[in-house]
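**Q** Fold the following and give me the result.
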Amino acid sequence: MSSYEPLVTKQIQDLIESKSAEQRDNRRLSKEVVDALKASGFFTMLLPKQWGGLEKKPQDFFREQIRIAEADMSTAWACGIIGVHAFQIALMSQAAQEEVYADDPNTLVSSSYNPVGAKAEMAEGGFMLSGRWGWSSGSDHCTWALLGGVIPGDGYRTFLVPRAQYEIEDTWNVMGLQGTGSNDVVIGQPIFVPEHRTHRQMDGFNCVHDQDNPIYDLSWAQTFVRVVNTAAIGALKKALKLFIETRTSAATSDPTKLAGDVETQERIARVLNTIRELEAVMFHNFDQMEAADWSPSLEDRVLYRYQASIVIDKASEAVDTLFQVAGGRSVFDGHPLQNLWHDIHIARCHVANNPTSFARNLGAIQLGMDNQDVFV
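**A** Sure thing, here's the model as predicted:
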């Protein structure tokens, strides 16, 4: 039996839930929520002890993300992404780690890895970088950003850029996950990024690092591809709880809401099973990675990425199962179940939650073909 003690207490969950509507209206995270999560240690869970981090296992980190999502999915999405960046930066140069974390282990870093709007070129001692990057969740609260770019003749890298060198443009007008504040990061005139503040894609794939803890032997992709869908598990838990509360409430004249309705019972059973299945697969996968000394086989890495990519499809189907019979009040703007429906469905727009290419790659390697994905 696990003796794990959660960092995100019931008091913090209550605070997050109380700020959920405000965050949705303001289209950004509340400073009070971010400060509470800083104080809890959540943002330092994957940070090396060298910099004041807790150096926890991914299993523990994702337990906390689910707890946050049970209060508010936007908070879990944005803060989970911010928190997982400590793992990637731990794989970068010691100089980069020192710049970010030497003064404060709670230094927050946002990201946008899609290189479509970026221009990166080699320069003496580093690179010149400019462009626009979307979906930078929680960026208003961060003092650094990890930005993706493709260098001609060199390939894909992540660039670590301080807040003074980029602008945040308010573009986040959306139908779900409003509280994430996933605005655009913009670098107009090219800036210089030194070599030591970059991370090669292939170094990530080959798990290159200089940490002592073997946990960092794990491909950091295995943590990132989970952070953009695990929040949906917590949100689905909240949706089921809300749905059950409406069915057991005596204050209703709608007979379809009665707890004895057979169809309602079956829908609850299916959704509860989906929640348990999604949790079981994720924690089993990380337990298997740990059993392999954090160095799973390439075939397993490909399987794990595919299994992460189908979480949102399963969660969307489950929340649909509830929303279809949620009653007439659920169609009105601001209904909590409708908000959860939108949040879970919007998460499907993230490229890591589209299983098509990951399914093809998994099937192909089973048939003897070479792996085509280096972010596994």
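**Q** Checking residue 184 next. Helix, strand or coil?
**A** Following DSSP: H, G, I helix; E, B strand; the rest coil, residue 184 is assigned to strand.
**Q** nearest spatial neighbour of it, skipping sequence neighbours?
**A** Of all residues not flanking residue 184 in the chain, residue 169 sits nearest, at 4.4 Å (Cβ to Cβ, 6 or more residues apart in numbering). C-beta here means a position set from N, CA and C on the backbone, and glycine is covered the same way.
**Q** Isn't the one you found up against residue 183?
**A** Yes: Residue 169 is in contact with residue 183 according to Cβ atoms under 8 Å; the separation is 6.1 Å.
**Q** circling back to that earlier point, what is the neighbour count of the residue nearest to residue 184?
**A** Summarising burial for residue 169: neighbours were counted as other Cβ atoms under 10 Å, giving 14.
**Q** One more: residue 365?
**A** Applying other Cβ under 10 Å, we find 17 residues neighbouring residue 365.
**Q** So it sits against residue 302, correct?
**A** Yes: counting by Cβ under 8 Å, residue 302 is a contact partner of residue 365 at 5.9 Å.
**Q** overlap in contacts of these two?
**A** Here residue 365 and residue 302 have residue 371 as joint contacts, going by Cβ atoms under 8 Å, 6 or more residues apart in numbering.
**Q** Now for the residue nearest to residue 184: which residues touch it?
**A** In this structure, residue 169 makes contact with 132, 183-186, judged by Cβ under 8 Å, 6+ apart.
**Q** quick one, helices of this protein?
**A** 10-26, 31-40, 58-69, 73-89, 94-101, 201-205, 221-227, 230-248, 262-291, 298-309, 311-323, 336-346, 356-366 (DSSP state H).
**Q** what helices or strands is the fifth one leaning on?
**A** Of the remaining helices and strands, those touching helix 94-101 by 3 or more Cβ pairs under 8 Å, 6 or more residues apart in numbering; DSSP states H and E are helix 73-89, strand 155-162.
**Q** Residue 126 is in contact with residue 154, correct?
**A** No: under the criterion of Cβ under 8 Å, residue 154 is not in contact with residue 126, lying 11.8 Å apart.
**Q** was I right about residue 335 contacting residue 327?
**A** No: with contacts defined as Cβ under 8 Å, residue 335 does not count as touching residue 327, sitting 9.4 Å away.
**Q** ok, now which ones touch residue 236?
**A** With contacts taken as Cβ under 8 Å, 6+ apart, residue 236 has the following neighbours: 271, 274-275, 278, 315, 318-319, 340, 344.
**Q** what's the most distant pair in those?
**A** For the contacts of residue 236, the maximum inter-member distance is 15.3 Å, found between 278 and 340 (Cβ to Cβ).
**Q** who has more neighbours, the two?
**A** With other Cβ under 10 Å as the criterion, residue 278 and residue 340 differ in neighbour count, and residue 340 comes out ahead with 26 against 23.
**Q** Can you report how many residues neighbour the nearest residue to that one once chain neighbours are set aside?
**A** The spatial neighbour of residue 340 that comes closest, neighbours along the chain excluded (Cβ to Cβ, 6+ apart), is residue 239 at 4.5 Å. Around residue 239 there are 28 other residues, counting by other Cβ under 10 Å.
**Q** Look at residue 239 and report its pLDDT.
**A** Predicted confidence (pLDDT) at residue 239: the value is 98.
**Q** ditto for residue 3
**A** Taken from the predicted model, the pLDDT recorded for residue 3 is 68.
**Q** what's the answer for the one 3 residues further on, then?
**A** In the predicted model, residue 6 carries a pLDDT score of 96.
**Q** how many other residues sit next to it?
**A** Applying other Cβ under 10 Å, we find 15 residues neighbouring residue 6.
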